[in-house]
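A.B. asks: Sharing a model prediction with you, sequence too.
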Amino acid sequence: MKLSKRITGLTGGGSDGWDLFIKARGMIDAGQAVTELTIGEHDISTDQSILDAMHRSASNGHTGYAMVPGTDALRDAVAARLTARTGVPTSRDNVLITPGGQSALFASHHAVCDEGDVALYCDPYYATYPGTLRGVGAVPRSIACLPENAFQPSYDDIAAKADGAKSLLVNTPNNPTGVVYSRDTVEGIARACQEYDLWCISDEVYDTQIWDGTHISPRTIDGMEARTLVIGSMSKSHAMTGSRVGWIAGPTEAIEHLINLATHTTYGVPGYIQDAATFALAQGLALEEKVGAPFRRRRALGQAILAKQNVVGLVPSSGAMYMMLDIRATGLSGDDFADKLLEAHHIAVMPGESFGASAAGHVRVAMTVEDSAFEVALQTLVDFAKEIRP
Ligand SMILES: Cc1ncc(COP(=O)(O)O)c(C=O)c1O
């Protein structure tokens, strides 16, 4: 039987850029020791106090259907967090709780793009972006964010691609680059969205992982609140990747329609997960800092190693759980470098090319193994780059 074009065309065909990851997993399955610095998954589990809250809630009977928009308590907690951290007054009616950031990305584009509408996104990009846009029937159009511009999109970069587009997807702090968008960048995004009448879908799932500088949400810029949907998630901030809980924050009219979409798709998020998330948010910065601390530490360790040499460059990254390394001096592509490093030293990093053409000649290192293993892996990577440099 024939399946829909929408589903068969979702991945766009060809390689999805995860060959290296699959090869590393194959080696591990075959019993080989591999230092895995590939995916964005913490090396700690969800905090015991959050698990206790989850257990309490489930044991107390919160195991039936939950309210589709989210529990009042969690919507209020997310709204209060956004109000406090961004200064934009946000209420429960501006918030829909979703099963993670990924489904929020899908639902948001579904809400703003009709079939065939052009949806803009920045390259390098989080792996699911183009498929998410195709999945709602939109036509993905990329904006190249080049290494020489610190991977930040300028107003001109966006304007050059914006004619006829419906939406712009941005991500700060950024996966894969770790770059935190500057005020100039965010203002350029806002100007382009207003001049070209674009919705801004702002993926802020790493908003608690800032090692330098400040996170600026496009929603805070004048005129942007009415055209911005913010994507949030507990996955990265609270090491709750498996709990699947996130949100969309935006104008009430959009949220009302998104609640209808949720009624016809996910039917909400389990009540005990929401109660655990409410508990986690109530712990405030202390718990977020506990979850983020290992990445902050490892970034400093990595910077110290990279400062002693000049073959491998560090992208000026200030957030998220990744370091993006420029390995162009080796003369290899990111794909070849990552493959040879895996073969020679059993260290798995993601080729930049997996995240789009703009990250060619780079590799992304997830800071997701304990400190000493991370230091050894990074030093080995640097020594390897020196060895193979022409
Ligand atoms: C930039 C970005 N957005 C969204 C997500 C999705 O996160 P989740 O669905 O776990 O909330 C991820 C996960 O790695 C990500 O890196």
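C.D. replies: Right, received. Where do you want to start?
A.B. asks: So residue 87 sits against residue 220, correct?
C.D. replies: Yes - under the criterion of C-beta atoms under 8 Å, residue 87 makes contact with residue 220 at 6.3 Å. The C-beta positions use only the backbone N, C-alpha and C, and glycine is treated the same way.
A.B. asks: These two - which one has more neighbours?
C.D. replies: Taking neighbours as other C-beta atoms under 10 Å, residue 87 and residue 220 compare with residue 220 leading, 17 against 11.
A.B. asks: Look up the pLDDT of the more buried one for me, please.
C.D. replies: According to the prediction, residue 220 has pLDDT 98.
A.B. asks: Report how many residues lie close to the closest residue to it other than its chain neighbours.
C.D. replies: Nearest non-adjacent residue to residue 220, counting by C-beta to C-beta, 6 or more residues apart in numbering: residue 86, 5.0 Å away. Here the number of neighbours of residue 86 (other C-beta under 10 Å) works out to 19.
A.B. asks: same question, residue 289
C.D. replies: With other C-beta under 10 Å as criterion, residue 289 counts 11.
A.B. asks: so how far is the ligand from it?
C.D. replies: 20 Å (C-beta to the nearest ligand atom, to the nearest Å).
A.B. asks: cool, residue 278 as well?
C.D. replies: 17 Å.
A.B. asks: what's the answer for residue 332, then?
C.D. replies: For residue 332, the distance to the ligand - C-beta to the nearest ligand atom - is 25 Å.
A.B. asks: Touching, that residue and residue 387? I think so.
C.D. replies: No - if you go by C-beta under 8 Å, residue 332 and residue 387 don't touch, sitting 11.9 Å apart.
A.B. asks: Just the CA atoms of the strand or helix carrying residue 170, as PDB, please.
C.D. replies: Here residue 170 sits within strand 165-171, counting by DSSP states H and E. Extracted in PDB, the C-alpha atoms of strand 165-171 (Å, rounded to 0.1, in the frame of the first residue of the first chain):
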ATOM      1  CA  ALA A 165       8.700  32.800   3.800                       C
ATOM      2  CA  LYS A 166       6.300  32.300   6.600                       C
ATOM      3  CA  SER A 167       8.500  31.400   9.600                       C
ATOM      4  CA  LEU A 168      12.000  31.500  10.900                       C
ATOM      5  CA  LEU A 169      13.400  28.900  13.300                       C
ATOM      6  CA  VAL A 170      16.300  30.000  15.500                       C
ATOM      7  CA  ASN A 171      18.100  28.300  18.300                       C
END
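A.B. asks: If I take the helix or strand following that strand and strand 165-171, what angle do their directions form?
C.D. replies: Later in the chain than strand 165-171, the nearest helix or strand by DSSP H and E is helix 183-195. Here helix 183-195 runs at an angle of 160 degrees relative to strand 165-171 (axes from the mean of the first three to the mean of the last three C-alpha atoms, to 10 degrees).
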